[in-house]
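*Asks:* Provide a 3D model corresponding to the input given below.
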Amino acid sequence: MSDATVVGCHWRLVRQCWTGSKLPVAPMIVSSSPRNMTMRHRVERHAFTLIELLVVVAIISLLIAIAVPSFTQARRQVRSTRCLNNLRCVFVASNMYADQNGSLPPLNNDPNEGAWQYNYILFDGRDFNQNFGPLFVGSKVIDHVQQLFCPLQENPFHQLGTPQNPWPTVPNMDTRAGYGRRPHLTGKSFSSMRKVVAYAADLLHQPDVVRSAHRTFVNVVFTDGHAQRGREPKLLDNALASPFSALDNPVVQELWEALDRATGR
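*Replies:* Predicted coordinates for the structure are as follows:
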């Protein structure tokens, strides 16, 4: 470059500074090498503050508090539906047994059905000849013994396979089903019944046992095969006593008649 050219460049710079005009600015070139990118990310990264962490924890806790009751209620609803399906299976099995044998099996092993509250027997300590026993043993019209138990029942005397209600069975110990059958049906068949009445239901027992399953209602299946909930107040507040006695048979009859009124048909 000649001296004249250098002087010309200097003069232009002085003139731009004097007049206040902006000089062109060359763009800054930033290296895009992996090392520089890593350093840039390190500069931009920042940690959560304590307040932010507390807010996140509070939101998660709130969501859990909302979701858990919903899941619990949904699980109870599913089990209640399974209970209704079990009762339908009990009806179908009883109908098949009556068709094969001409009539339903005896309610229990007491003369004249004894105490009608004793209506849930599966094994009486000796055999399976009463109530629900013949449906599972012998004719085998019940596929699984679990179908004779309410999934929501919390009373250990009516749950399957507890020390109080053994399964497999133990000699000289009762094994009770989770459902009860209506009295006065021994020796009858469904084809001979002209009126639709409640056939089998969750335990019609002392109030604390009734509430140990569905809390505010019982499931019931009728002699035409349909099943539904029964919400009669008498079911949850009855005068049944323990030990069982034939003197309580009128109370048991009132409870079954209350279920008859609950039918939706």
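*Asks:* Report the contact partners of the nearest residue to Val92 once chain neighbours are set aside.
*Replies:* Leaving aside its sequence neighbours, Val92 sits nearest to Gly225 (CB to CB, 6 or more residues apart in numbering; 7.4 Å). Any C-beta I mention is one placed from the backbone N, CA and C, and that applies to glycine too. Taking CB atoms under 8 Å, 6 or more residues apart in numbering as the contact definition, Gly225 lies against 88, 91-92, 95.
*Asks:* Repeat that for Val141.
*Replies:* Val141 is in contact with 92-94, 96-97, 100, 135, counting by CB under 8 Å, 6+ apart.
*Asks:* Do you know the pLDDT at it?
*Replies:* If you check Val141, the pLDDT there is 94.
*Asks:* quick one: it from Phe157, how far?
*Replies:* From Val141 across to Phe157, the span is 25 Å (CB to CB, to the nearest Å).
*Asks:* again, but for Lys188
*Replies:* Counting by CB to CB, the gap from Lys188 to Phe157 is 28 Å.
*Asks:* now swap in Thr175 and tell me
*Replies:* Remark: distance between Thr175 and Phe157 (CB to CB) = 10 Å.
*Asks:* ok, these two, which is more surrounded?
*Replies:* Neighbour tally, Thr175 and Phe157, criterion other CB atoms under 10 Å: the higher count belongs to Thr175, 24 against 16.
*Asks:* For the closest residue to the more buried one other than its chain neighbours, give me its contacts.
*Replies:* Excluding the flanking residues, the one nearest Thr175 by CB to CB, 6+ apart is Phe123, at 4.0 Å. Contacts for Phe123 (CB under 8 Å, 6+ apart) come out as 133, 169, 174-175.
*Asks:* Relative to Asp260, which of the residues you listed is nearest.
*Replies:* When these are compared for distance to Asp260 (CB to CB), Gly133 wins out at 25.8 Å.
*Asks:* Wait, that closest one touches Leu122, no?
*Replies:* Yes. Here Gly133 reaches Leu122: they are 5.4 Å apart, a contact under CB atoms under 8 Å.
*Asks:* Neighbour count for these two, which is higher?
*Replies:* Comparing Gly133 with Leu122 by other CB under 10 Å, the one with more neighbours is Leu122, at 25 against 22.
*Asks:* hmm, back to that, so what sits against both of Thr175 and Phe157?
*Replies:* Shared contacts of Thr175 and Phe157, defined by CB under 8 Å, 6+ apart, comprise Asn165.
*Asks:* where along this structure do the strands fall?
*Replies:* 121-123, 175-176, 179-181, 198-202, 218-222, 227-230 (DSSP state E).
*Asks:* Can you give the contact residues for the second one?
*Replies:* Contacts with strand 175-176, where a contact means CB under 8 Å, 6+ apart, come from 120-123, 157-158, 165-167, 169.
*Asks:* Adjacent strands (with direction) for that strand?
*Replies:* Partner strands and pairing direction for strand 175-176 (DSSP bridges) are strand 121-123 (antiparallel).
*Asks:* now, which of the contacts of Val141 sits nearest Lys234?
*Replies:* Nearest to Lys234 among those is Ser94, at 24.8 Å by CB to CB.
*Asks:* longest helix of the chain?
*Replies:* When the chain is parsed with DSSP state H, its longest helix is helix 50-101.
*Asks:* Let's test this: mean pLDDT of that helix, rounded?
*Replies:* 92.
*Asks:* Show me what that helix is packed up against.
*Replies:* Packing partners of helix 50-101 (3 or more CB pairs under 8 Å, 6 or more residues apart in numbering; DSSP states H and E): helix 133-136, strand 179-181, strand 198-202, strand 218-222, strand 227-230.
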